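[1] Predicted model and sequence follow; I will ask about them next.
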Amino acid sequence: MPFQSVHSSIRDIITGENVRITEPCNLYGCSIGNGCFIGPFTEIQKGVMIDDHTRVQSHSFICEKVTIGHHCFIGHGVMFVNDTFSEGGPSGNPAKWKATHIGNYVSIGSNATILPVTICDHAVIGAGAVVTKDITVPGKYAGNPAKKIG
Amino acid sequence: MPFQSVHSSIRDIITGENVRITEPCNLYGCSIGNGCFIGPFTEIQKGVMIDDHTRVQSHSFICEKVTIGHHCFIGHGVMFVNDTFSEGGPSGNPAKWKATHIGNYVSIGSNATILPVTICDHAVIGAGAVVTKDITVPGKYAGNPAKKIG
Amino acid sequence: MPFQSVHSSIRDIITGENVRITEPCNLYGCSIGNGCFIGPFTEIQKGVMIDDHTRVQSHSFICEKVTIGHHCFIGHGVMFVNDTFSEGGPSGNPAKWKATHIGNYVSIGSNATILPVTICDHAVIGAGAVVTKDITVPGKYAGNPAKKIG
């Protein structure tokens, strides 16, 4: 069988002090700040920047073009998206992928899905929410698509 | 790079007879009954109690303060939640985390999200559902938030 | 402790040329066409057939009785379902599981859930969608349950 298999690994990453990681995970070309925790079964792609004291829980996927502030909590099974299939399918051209910026003290509940958006400081995203638009006012957001609930 | 890396493992768990586990998984401090199956890419935290003949499928996460009855089926990618961010973000105080109790013969579909609730015997939770309230009447529940559909 | 542990692996699969796989993953008894990519933390069960140049991203689960066409994109954390709990819980009888057929050039967004359905060529499924019915008209579908949005 002619398939090629490589193993997930931690490679070419920059970290601050006191970073704790639980493997297996697939982290490459990203930057992780002081005091961060990265759970198992996670993938974080190149160019991602995660600021100090942020925790990324198990099963989450953070794609290229995402930045996350400090003191954030990314729950379990959270998926970030940078390609909105705007031309009817995935774009092979990274220049067409869109960025996501997560502020500071943002909490994202488990199984949430984050389309390319900006989320302001202190926002709370409920578990299972699908965030399709920018969030500019702190508060709690939930549902599919996510709406302000508190 | 000063990060600390540990590997997922099976440690300090109590199991009954004929328990089958597919690794990699991260299981610690939990109790798993007779005849249970635990799929790959799962994490089950300390204090979780799973009764006999229950199956936990791949990619699921079961947090502290969850109990699951016998003959249950936990689908793939199911995420349990114990912290509702009630104070605007994650609580560092486990005393503020809330419990979830799943009855017997409960079936939970894949990619479902289970907030801290009690679910009665014989309830069926549809795939992709987000369960935000107690379920006290057997039947089928689906949607975000989950509602009774049958 | 009397539990039995096995490790995820790649076994009894048939692949075309230039297939790339990132481990750990649990792939068994399935068929994967030329030029396909399979990401880490995936499980693909026996009998699944994936046609040429299709990509299956990290954290996805593809169950028995699923076929996927060529040039498809299966996002991260996508879960397929073959058992609809139609008798109030999981069926132990595979003859009661239902099939899913995904056409060609289909794109499925991250964290989507796909019940047993047929999806036509060129359909686009949004991130976080829960697809409960056949999709016979190309276009973009999103929400829980998924509806046509474009």
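    Looks like it arrived, so ask away. Numbers count the residues shown, from 1 in each chain, chains lettered A, B, ... in the order given.

[2] Is the residue nearest the centre of chain A bridged to anything, and to what?
    Closest to where the C-alpha atoms of chain A average out (C-alpha atoms, centre = their mean) is A:I62, at 3.6 Å. Applying DSSP bridges to A:I62 gives these bridge partners: A:I44.

[3] thinking A:I114 is in contact with A:G75, fair?
    No. The pair A:I114 / A:G75 is not scored as a contact, 11.0 Å apart, by C-beta atoms under 8 Å. All C-beta atoms are positioned from the backbone trio N, CA, C, and that covers glycine.

[4] list residues touching both of these two?
    Common neighbours of A:I114 and A:G75, counting by C-beta atoms under 8 Å, 6 or more residues apart in numbering or on different chains, are A:I108.

[5] quick revisit: got a pLDDT number for the residue nearest to the centre of chain A?
    Looking at A:I62, its pLDDT stands at 98.

[6] what's the answer for the one 10 residues further on, then?
    pLDDT, the model's per-residue confidence, is 98 for A:C72.

[7] try A:A123
    A:A123 is given a pLDDT of 98.

[8] residues contacting the residue nearest to the centre of chain A?
    Counting by C-beta under 8 Å, 6+ apart, the residues that A:I62 touches are A:30, A:42-45, A:48, A:50, A:56, A:68, A:74, A:80.

[9] Any chance of a markdown table for the residues you listed, columns secondary structure and neighbour count?
    Putting the contacts of A:I62 into a markdown table (DSSP: H, G, I helix; E, B strand; the rest coil; neighbours: other C-beta atoms under 10 Å in any protein chain shown) gives the following:
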| residue | secondary structure | neighbour count |
| --- | --- | --- |
| A:C30 | coil | 22 |
| A:T42 | coil | 29 |
| A:E43 | strand | 25 |
| A:I44 | strand | 27 |
| A:Q45 | coil | 19 |
| A:V48 | coil | 24 |
| A:I50 | strand | 27 |
| A:V56 | strand | 28 |
| A:I68 | strand | 26 |
| A:I74 | strand | 27 |
| A:F80 | strand | 29 |
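
[10] Tell me the backbone dihedrals of the residue nearest to A:S86 when sequence neighbours are not counted, please.
    Distances taken as C-beta to C-beta, 6 or more residues apart in numbering or on different chains put A:K96 closest to A:S86, at 7.5 Å, once the chain neighbours are dropped. Main-chain torsions, A:K96, degrees, to the nearest 10: phi -90, psi -10.

[11] and the residue nearest to the centre of chain A, how far is that from A:C72?
    Counting by C-beta to C-beta, to the nearest Å, the gap from A:I62 to A:C72 is 11 Å.

[12] swap in A:K140?
    For A:K140, the distance to A:C72 - C-beta to C-beta - is 15 Å.

[13] higher neighbour count, the two?
    Neighbours of A:K140 and A:C72, each counted by other C-beta atoms under 10 Å in any protein chain shown, are more numerous for A:C72; the result is 26 against 19.

[14] how about the closest residue to the more buried one other than its chain neighbours, what does it touch?
    Spatial nearest neighbour of A:C72, chain neighbours left out: A:T54 (4.2 Å); criterion: C-beta to C-beta, 6+ apart. Counting by C-beta under 8 Å, 6+ apart, A:T54 makes contact with A:33, A:36, A:68-74.

[15] redo that, cut-off 7 Å
    By C-beta atoms under 7 Å, 6 or more residues apart in numbering or on different chains, the residues touching A:T54 are A:33, A:36, A:68, A:70-72.

[16] number of nearby residues for the closest residue to A:N82 other than its chain neighbours?
    Of all residues not flanking A:N82 in the chain, A:W97 sits nearest, at 4.1 Å (C-beta to C-beta, 6+ apart). For A:W97, the count of nearby residues is 16 (other C-beta under 10 Å).

[17] Distance of A:W97 relative to chain B?
    24 Å (C-beta to the nearest C-beta, to the nearest Å).

[18] need the residues of chain A near chain C, please.
    Proximity of chain A to chain C (C-beta under 7 Å from any C-beta of the partner chain) is limited to residues A:1-8, A:24, A:26, A:41, A:43, A:59, A:61, A:77, A:79, A:81, A:85, A:88-90, A:111, A:113, A:115, A:130, A:144.

[19] Pull out the buried residues from those residues.
    Buried members of the residues of chain A next to chain C, counted by 16 or more other C-beta atoms under 10 Å in any protein chain shown: A:3, A:8, A:24, A:26, A:41, A:43, A:59, A:61, A:77, A:79, A:81, A:85, A:89-90, A:111, A:113, A:115, A:130, A:144.

[20] Just give the nearest non-adjacent residue to A:I14, would you?
    A:S31 (4.5 Å).
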